[in-house]
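S.K.: Sequence plus predicted model, see below.
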Amino acid sequence: MRLEFFFDCSSPWTYLAFAGIQPLAARVGVSIEWKPILVGGVFNSVNPEVYSARANPNPRRMDHMRKDLQDWARLYGLEIGWPAVFPVNSVKAMRGVLVAEEAGLLVPYTQAVFERYCWKHLQDYGQAIRRHGKQQILHQCGHLKRLLPRIAELPAIAIEAYTTPPVGNTTLADRGRLCPDLAVIGGTNAALWLRSAEAICREVESDLEAAGSIRGVVLTSAGVLPPSAGLEKVKQVRDWARGITW
């Protein structure tokens, strides 16, 4: 059994599918037949209305679309920016896919194109923010451990919603080892807040000891608190955290 996968590297949504389809195919035991295309040509044939929609965008729809994209990117552990000019012209990159396919390098080449396409915009945004005298804080909850060394290269000062296991996969020790110059805002997870205040404090203390330092750590819920957490529990953890001095 084989699976045909049609893709164009100009699409951030296709980046999500590209990242997800490979482990899925391996899990169910099917081979992937890669089908590089130019999605603009598809639109010209079957969906020309997309161009008028881009010329007159609905701001609410665009805001939701970008938020939805970032929600999925966090789930997949990907960094996906948004180019200043969208869509970009991917003709040359897709020609490269054909050459890479002949050399047996289609997957690593395509992965590199997606990463460069999305990563550059995150760097550009950070540099523009700094030029205007502002500071960039990245909202990056989820499974980010593999990306922490790359995130450390971005012109940002902190990672917000830094989420520990089992909800995320990044520990405070990972931050100290892989991106020590970035502050983190978070350091817990929603599942942890279902436990008692004493259990929360013990686990956070253990995490901080493994990290070796509290410098640059702003302890928060790392996301939405479960309703059952309760204000009294939050106050107890807050009062304990205020007493940390090492």
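M.R.: Nice, I can see it. Bear in mind the structure is a predicted one, so any value in this text is a computation, not a measurement.

S.K.: what's near enough to touch residue 170?
M.R.: By CB atoms under 8 Å, 6 or more residues apart in numbering, the contact set of residue 170 is 143, 144, 145, 148, 162, 163, 164. The way it works is simple: take the backbone N, C-alpha and C, and place the C-beta from them, glycine included.

S.K.: again, only this time at 6 Å
M.R.: Residues counted as contacts of residue 170 (CB atoms under 6 Å, 6 or more residues apart in numbering) are 144, 145.

S.K.: Return the helix or strand harbouring residue 26 as PDB; C-alpha atoms alone will do.
M.R.: For residue 26, the host element (DSSP states H and E) is helix 12-28. Extracted in PDB, the C-alpha atoms of helix 12-28 (Å, rounded to 0.1, in the frame of the first residue of the first chain):
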ATOM      1  CA  PRO A  12       2.900  26.600   6.100                       C
ATOM      2  CA  TRP A  13      -0.100  24.300   6.400                       C
ATOM      3  CA  THR A  14       1.700  21.800   4.200                       C
ATOM      4  CA  TYR A  15       4.700  22.000   6.500                       C
ATOM      5  CA  LEU A  16       2.400  20.700   9.300                       C
ATOM      6  CA  ALA A  17       1.200  17.900   7.000                       C
ATOM      7  CA  PHE A  18       4.800  17.100   5.900                       C
ATOM      8  CA  ALA A  19       5.900  16.700   9.600                       C
ATOM      9  CA  GLY A  20       2.900  14.600  10.500                       C
ATOM     10  CA  ILE A  21       2.500  12.300   7.600                       C
ATOM     11  CA  GLN A  22       5.900  10.600   8.000                       C
ATOM     12  CA  PRO A  23       5.400   9.100  11.500                       C
ATOM     13  CA  LEU A  24       1.800   8.300  10.600                       C
ATOM     14  CA  ALA A  25       2.900   6.300   7.400                       C
ATOM     15  CA  ALA A  26       5.600   4.500   9.400                       C
ATOM     16  CA  ARG A  27       3.100   3.600  12.100                       C
ATOM     17  CA  VAL A  28       0.500   2.100   9.700                       C
END
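
S.K.: distance between it and the chain's centre?
M.R.: Offset of helix 12-28 from its chain centre (CA atoms, centre = their mean, to the nearest Å): 15 Å.

S.K.: Contacts for it, please.
M.R.: 3, 5, 7, 32, 72, 76, 78, 80, 114.

S.K.: for stretch 34-44, same thing?
M.R.: 4, 5, 6, 8, 50, 94, 97, 106.

S.K.: Can you tell me which of these end up in strands?
M.R.: 4, 5, 6 (DSSP state E).

S.K.: ranges for the strands of the protein?
M.R.: 2-7, 31-36, 137-139, 158-163, 183-188, 217-219.

S.K.: got these as CSV, with mean pLDDT and distance to residue 125 columns?
M.R.: Formatted as CSV, the strands of the chain follow (pLDDT from 0 to 100; distance: least, CB to CB, whole Å):
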stretch, mean pLDDT, distance to residue 125
strand 2-7, 90, 25
strand 31-36, 91, 28
strand 137-139, 82, 10
strand 158-163, 88, 15
strand 183-188, 91, 19
strand 217-219, 90, 22
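
S.K.: Output the ones you listed in CSV, with mean neighbour count appended to each entry.
M.R.: CSV is the format used below for the strands of the chain (neighbours: other CB atoms under 10 Å):
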stretch, mean neighbour count
strand 2-7, 13
strand 31-36, 14
strand 137-139, 16
strand 158-163, 24
strand 183-188, 22
strand 217-219, 19
